[in-house]
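Chemist: Take this sequence and fold it.
(5 chains, ligands or ions: 4)
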Amino acid sequence: MLEVRGLRVSYGPIEVVHGIDLDVKEGECVALIGANGAGKSSTLKAICGLIKARDGSIRFDGQDITNQAGHAIVRAGITMCPEGRQVFPQMNVVKNLRMGAYARTDDAQASDLEEMMDMFPILRQRAGQAAGTLSGGEQEMLAIGRALMARPKLCIFDEPSLGLAPKIVAEVGETIERVKGMGKTILLVEQNSLMALRLADRAYLFEAGEIVLEGTGEELQSHPEVAKAYLGH
Amino acid sequence: MSKSSNYIFYAVALAFFIALPQLITVKYYLHLSILALVWVIMAQGQNLIQGYTGYVSIVQAGFMGIGAYTTALLGLNFDLPVWLTILLAPLVTAVFALATGYPSLRVKGHYFAIVTLAFNMVIFIVLMNFSHLTNGEAGLMGIPKPGGEGGLIDFSDRMVYYYFVLAVAVLMVIVAARIVHSRIGQILVAIRQNEDLVGAIGIPTWKYKLFAFVVSAMFAGLAGAIYAHYQSFINPEIFGVAQSLDAILAVIMGGSGTITGPVIGAFIVVFLPEYLRFADSFRLIIYGLVLVLATIFMPRGIVGVVSDLWAKVAGRGRA
Amino acid sequence: MTTAVLRVERLCKSFGGVHAIRDLTFEVQPGEVMGLIGPNGSGKSTTVNSLAGLFPVTSGEILLAGAHIQHLPEPERVELGLARTFQTASVFPEFTVRQQITLGCEPTLKSPPLSSIFGIGRHQGEVEAIEARVQDLLEVTGLAAVADDAVGTISSAQQRFLMIATALASEPKIVLLDEPAAGLVSHERKTLSELIKSIRDRGIAVLVIEHHMALIMEVCDRIVVLNFGSKIADGTPAEIRSSQAVIDAYLGESV
Amino acid sequence: KDRTLDIGVTDALTGGAAVYGLPQANAVQMAAEEINAAGGIKVGDDVYKLNVIAYDDKANPTEASNAVRKLIDRDGVKYILGFCCSGATGAVASFISNEDAVMLVGNAAERSITTQGIENLVRTRPPADYTGAAAGKFVAGKGHKRVAVLGALEVGFYASYVDAFEAELNAAGGEIITKELFALKDRDMTPQLTKIRGMEPDAILVVGYVEPAAFVYRQAVELGIDVPRYGFTSGSEEQFLRVATSEQMEGVWDLRPTELTLLSATENGIAYHENYSEKFGISPSPSSPYAYDQTYALKDALEAAGTVEDTEAVAAALRDLPVPDEVVMQYLPVDGKMFDSNGQAYTSNGAFQWQDGHWVFVEDLPSDAAAYSEFLSTLD
Amino acid sequence: MIEIFQQIVNGVAIGGVYVLIALGLTTVFGILGIAHFAHGSVSMFGGYLTYFLVASQGVPLFGAIAIAVITGFALGVVIEFLAYRPVRNANHINAFIVALGLTMMVEGINLQFFGAEQVVIPTSASRVFNIGGVTIPELRLYVILSAAILVAAMAIFVERTKAGQAIRALAENRDAAILMGVNVNTIPLIVFGISTALGVTAGVMVGSLFAIAPGIGEGLVVKGFAVLILGGLGSFPGAIIGGVVLGITESLAAGFISSAYKDVIAFVVMIAVLLVRPQGLMGKTS
Ligand SMILES: Nc1ncnc2c1ncn2[C@@H]1O[C@H](COP(=O)(O)OP(=O)(O)OP(=O)(O)O)[C@@H](O)[C@H]1O
Ligand SMILES: Nc1ncnc2c1ncn2[C@@H]1O[C@H](COP(=O)(O)OP(=O)(O)OP(=O)(O)O)[C@@H](O)[C@H]1O
Ligand SMILES: [Mg+2]
Ligand SMILES: [Mg+2]
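Modeler: Ligands and ions are numbered 1, 2, ... in the order given. Below you'll find the model as predicted:
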């Protein structure tokens, strides 16, 4: 479904992603793991059209989306739940969720909204509060809910568990599991590698802008180097 | 650029400025050069608050006016020696800057810019309407030159005045450089980057912002005083918002947050409009267009362009 | 009994209608590492921000080494010995790492700031002393290799360590760390826990907020748990781990 | 021999004051062309054709001194005309006495310009207080006791008009009950007028630039103020009609030097109006002949002095000059000379009234040029 | 008493003009963080254009206004695309300098095409209403009414339409807006178009109620920014309340304190408000 070939990304003169290949098949959950600054977020941003790819190609659903405008990519069916949440700070929770459905034209939005509030009850409690004043965890849930509001074909999560309480991390894991269950295709970046590898059908290991390892979730979990550096203790 | 090549650069620049009057055949350009040197002082002050601290102040010309009126009024009404009134001008300006800086610096970004702009308008309106003191729009004439009648040096000779302004400008550039290379300068640059963090690591930011604001105002006050004695005439018109904007332009066009930038920028804002006079009634349009294009195509000013070129040349030399 | 390095009494903070902290009371002893945990939105960051003086508290008292500080502005609290880091990385991107840490030493300097312009009234040897302290901090936090890199170009993990180094530069009695492990991978977390222990070994108390339970359990001597702005538990890691209230509110199944 | 003499003009060609400056520059250009067409200026054996170099000073003092410096230093010009606005003029006046040049001031009315004994400066327009005193007498004579003033009082010469006006009014037992102010860019005068309306004056006096003044007249009617309106604005009919209807203007007085208006004008004036309108496609502003007259005064002075090089001689010749035949304004010579010993010229003052869409010359305002000239000499 | 009411009525009309100018400024500021200093001069261009069409081309007034508003929209689009877009990612001060350059250009163009003399757009509205001693000229009434209608229309546009939603999203978080599918290349064009069209209507109001002349636009934009500061940068209700407050303050200050210092008083009020509420009257704390 998603086909990345030879992708290079740079900020000014500094190249941070050095030509990677990456595939996500329909219905699959793929994880990207790796250290800080390895270039995971940059890769995702290039896929979503937030930054330009210097080289390489990105195809989605048989369509070339390399360096297309971000809004066109959203309409093609990709949404991202970005790193650092990126909620609309002055809009309230409900308006944020509605923004999620901006590119949609059908009229099931109201029922989807209810569904999101059911999935994250805290959002219902805070429905009228400006998103900027929510706690970090509350914002993360809002961002996930907002991304799902778009009913995407491919849903990208960039570090959804960052800064969340353990109980919520588990919930986020469950949520992603549920999204997976909905038959959505998922591309997931996680520092919480253990969780990521458990969730993922397949995973890639990033190091310094390159993919150094690829395999199923279990394969990587049992890989000695991965276990040592990323799964810890 | 290495340290030693820096020194060579400054020495060459200084030699150039010393030789300049000899190179000029049309005295008109000497006149413009004197004005440009006054603007060097203005722009260095502006750079301190705008380029280094990151607060765009639009009141510099107002402070220039306070300095100019201070020296003129003290000289005309109390017969104080010109040297003394020139020294008092930045001090009086500092008092006004303290009073206006305290409220203005409570807000940031565009708020600060517009509040200071309002202060400039207030200063302008008061200079205009408080005519018992300022003689309103008609202005003050006959402001004495330093040295007085029959003094040792004849300051009404433009050549002499040029060297006088040059000396002051060089001194002020050195003062500005000392400030930005000091601990205080470091803190100012930190404020520009992340003001909240500066507070969080235990530095009372308001003191340093106020310092930068007041010092920049003193630069402007001094520039105003020197201007007043050069022109022998001042009126409020010269100290309006348009001139404050020129100070901002000087910093941006030259290269903000650098010591050389404002010097270059000052000469640009004084000379460029002159060279565009050929365009006659299209002058305003062309000047505006030049500004827009310059900002788009050289956002870091002339110094930025030159240092990029330099880096390229040096890089190639090494490779 | 020694005086607590930090004592918080009946602290309340509300934003408009939201009561972010209610009646919070706790102490941190010298040389202690205290954990502050709780669900998202339970008021941990608000607590740190109140202690540091980022905004005025609604009511309550804050004592640093026995002295009331709740009315002092932020910088004066730092001078008295309270330093902090932020939940999201906050740095000076254009500075080098060394420059940023040096700036962090500013509150401890005896020479008046103007002395650095005019070169008078300088304290003997201060510059050298600062340079040595900065070098020490660079090494302790593992940043020596990137000491002269621009802060904007180092990795986000390194920026997190830099925030800690900058906080330590003010020679605090206590540092407040707001989620220092966020975004770190396991080997970096290990470095972090070593760092926290070595801070404690220098006699500096630490208040650490974290969602990473393994880290918290490892480094903390004592843990305070917040929920809806109130304290629901206070005890050793073992006690907290087994507290049903904490499990319900925060930990979930088990950790 | 046919030669060319460069003369300079600095004036506000752009910006808010261009309404005054641009017509002046045009007037000089027109006069120069007329002089050239009529054979030029005969100095000794040479015949000079005039070439005008005009620079824009935006009425800004710094720009004005830059422009004059450039004219003198770079273009080698010795005769500089124009000067509509007091600030810019003051800046140049403060250094012109050290220069080898002659400065001819037009519309700028600040009194102090001709009180400093600058030998190489003359001015065609009389100071404002000269006219203000005459106006005060006139209004007092109408029996008004309580007069409200609204004007550009931050501008020195308007303030001095009002001061002289007030002195005469007080002498006749009247008083100025309030002095309200407007700025050059103000167009909404209703706050000031509302206040004045509340004070129930016998008459109002409007002193200032035409553009805002026209709004005062209009808005006074809109606010239902129906007392007599006097003014010192020198606006043309066209300028007022752009803002107010003729009905709204009906009965308004303008108390000012007898400048150019169709009905008051001499033959020269009518010709000037026609030529200017034809050449520039717009009628001349009432004060623009001050600059036109400068050019003829300069021509006569050059011919009298017999030199274009010796500016001192030309400056002296100017002060010795009878009123030239070609001038448009009606100058009152002092001791038979156009400019008095201060370099100041005087015109007669008149009371004009708006009647049925036109300014109508009603009567002379008695003014004593010789006495004022003496008074001017006593000022420092 | 009548005097106070009269002064308030006086202030509301000029306040209406301020509101329209400020609305344009505040939408541009909210979305792009640009202090669009050229707004006043561009608005005056619209006023001049209307005058030109009415006075020398004989176009009926409303036709002329329509043409000017459409031209204004197009001009706004062009300005965004050619001048501001290239500095979108640079420091905001650079955008400010571009704005200054644009101001000079537009002032120059106005001068070149329309001359230095003040122009007044001729209208046939010359009646004056008198309500219990308080007088209102017909034209002022129209100005107040049309300002109110435009404000309401803008409010509906921003609150109720999809484009309005996108505008708000873009104002708050550009990247997130992209991820929601907002076309961040066209929205700024629309915003600039609308903002300039609003400015042009303000220019027409100034030109018919008062006059257009060199420098008036610059004075107006400063007042517009004062309104923004007073009301809160980027705040829609702030622009409305700020504009009316500033208009009335000026009027009362000139009538009851000092006409010479009325602007000083207005600025002092603005600064005083800022000291008490640094985010402006309606601004939100961040
Ligand atoms: N806007 C930017 N400008 C310059 N460099 C950047 C920018 N954003 C990221 N980088 C650099 O690009 C590199 C890769 O960053 P990226 O965010 O893609 O990594 P990541 O794998 O997502 O890491 P993390 O776990 O920290 O999120 C890093 O070295 C980072 O410093
Ligand atoms: N400026 C503010 N205005 C209104 N409410 C606020 C503000 N700041 C914080 N809050 C609220 O206060 C509560 C506590 O927030 P705080 O940031 O302290 O949580 P936290 O415990 O640090 O959470 P996390 O672990 O997610 O960072 C939250 O409900 C939040 O919505
Ligand atoms: Mg990332
Ligand atoms: Mg927090």
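
Chemist: Can you get me a residue count around D:Ala37?
Modeler: Per other C-beta atoms under 10 Å in any protein chain shown, the neighbour tally for D:Ala37 reads 9. To be clear about C-beta, it is placed using only N, CA and C from the backbone, and glycine gets the same treatment.

Chemist: gap between it and D:Ala31?
Modeler: Distance of D:Ala37 to D:Ala31, computed by C-beta to C-beta, to the nearest Å: 11 Å.

Chemist: before we move on, what about B:Leu245?
Modeler: When B:Leu245 is compared with D:Ala31 (using C-beta to C-beta), they lie 38 Å apart.

Chemist: Also C:Val246?
Modeler: 97 Å.

Chemist: Between the two, tell me which one has more neighbours.
Modeler: Neighbour tally, C:Val246 and D:Ala31, criterion other C-beta under 10 Å: the higher count belongs to D:Ala31, 27 against 20.

Chemist: what about the more buried one, which helix or strand?
Modeler: For D:Ala31, the host element (DSSP states H and E) is helix D:18-37.

Chemist: Kindly export that helix (C-alpha atoms) in CSV.
Modeler: Taking Å, rounded to 0.1, in the frame of the first residue of the first chain, the C-alpha atoms of helix D:18-37 are listed here in CSV:
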residue,chain,number,x,y,z
ALA,D,18,3.0,68.7,-1.6
VAL,D,19,-0.3,70.7,-2.0
TYR,D,20,1.8,73.7,-1.3
GLY,D,21,5.2,72.7,-2.6
LEU,D,22,4.3,71.2,-6.0
PRO,D,23,2.4,74.3,-7.2
GLN,D,24,5.3,76.5,-6.1
ALA,D,25,7.8,74.3,-8.1
ASN,D,26,5.4,74.5,-11.1
ALA,D,27,5.2,78.2,-10.7
VAL,D,28,8.9,78.7,-10.8
GLN,D,29,9.2,76.4,-13.8
MET,D,30,6.5,78.4,-15.6
ALA,D,31,8.1,81.7,-14.8
ALA,D,32,11.5,80.5,-16.0
GLU,D,33,10.0,79.4,-19.3
GLU,D,34,8.3,82.7,-19.7
ILE,D,35,11.5,84.6,-19.0
ASN,D,36,13.4,82.4,-21.4
ALA,D,37,10.8,82.9,-24.1
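
Chemist: And the helix or strand following that helix, how far out from the chain middle?
Modeler: Moving toward the C-terminus from helix D:18-37, the first helix or strand encountered (DSSP H and E) is strand D:41-43. Using C-alpha atoms, centre = their mean, to the nearest Å, the mean C-alpha position of strand D:41-43 is found 28 Å from that of the whole chain.

Chemist: Sort out which residues of strand D:41-43 are buried, please.
Modeler: Residues D:Ile41, D:Val43 are the ones in strand D:41-43 that count as buried (16 or more other C-beta atoms under 10 Å in any protein chain shown).

Chemist: now do stretch A:55-66
Modeler: Neighbour count says stretch A:55-66 has A:Gly56, A:Ile58, A:Phe60, A:Ile65, A:Thr66 buried, by 16+ other C-beta under 10 Å.

Chemist: mind listing what B:Tyr208 touches?
Modeler: B:Thr53, B:Ile184, B:Ile187, B:Leu188, B:Ile191, C:Pro113 (C-beta atoms under 8 Å, 6 or more residues apart in numbering or on different chains).

Chemist: at 6 Å instead, please
Modeler: By C-beta atoms under 6 Å, 6 or more residues apart in numbering or on different chains, B:Tyr208 lies in contact with B:Ile187.

Chemist: tell me the pLDDT at it?
Modeler: B:Tyr208 is assigned a predicted lDDT (pLDDT) of 95.

Chemist: so how far is A:Pro13 from it?
Modeler: Distance of B:Tyr208 to A:Pro13, given as C-beta to C-beta: 34 Å.

Chemist: picking up where we left off before, out of the buried residues of stretch A:55-66, flag the one nearest to B:Arg178.
Modeler: Set against B:Arg178, the nearest of the buried residues of stretch A:55-66 by C-beta to C-beta is A:Gly56 (50.7 Å).

Chemist: Can you tell me the SS state at that closest one?
Modeler: Three-state call for A:Gly56 (DSSP: H, G, I helix; E, B strand; the rest coil): strand.

Chemist: helix or strand for the residue positioned nearest the centre of chain A, which one?
Modeler: With distances taken as C-alpha atoms, centre = their mean, chain A has A:Phe157 as the residue nearest its mean C-alpha position (1.4 Å). Per DSSP H and E, A:Phe157 falls inside strand A:154-158.

Chemist: mind saving the C-alpha coords of that strand as PDB?
Modeler: What follows is strand A:154-158 as a C-alpha-only set of coordinates in PDB (Å, rounded to 0.1, in the frame of the first residue of the first chain):
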ATOM      1  CA  LEU A 154      -3.200   4.600   6.500                       C
ATOM      2  CA  CYS A 155      -2.800   5.900  10.000                       C
ATOM      3  CA  ILE A 156       0.600   7.100  11.100                       C
ATOM      4  CA  PHE A 157       1.500   7.500  14.800                       C
ATOM      5  CA  ASP A 158       4.600   9.300  15.800                       C
END
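
Chemist: excluding its backbone neighbours, what's nearest the closest residue to chain C within the stretch 201-319 of chain B?
Modeler: Scanning the stretch 201-319 of chain B for proximity to chain C using C-beta to the nearest C-beta identifies B:Gly202 as nearest, at 2.8 Å. Sequence neighbours aside, C:Val78 is the residue nearest to B:Gly202 in space, at 2.8 Å (criterion: C-beta to C-beta, 6 or more residues apart in numbering or on different chains).
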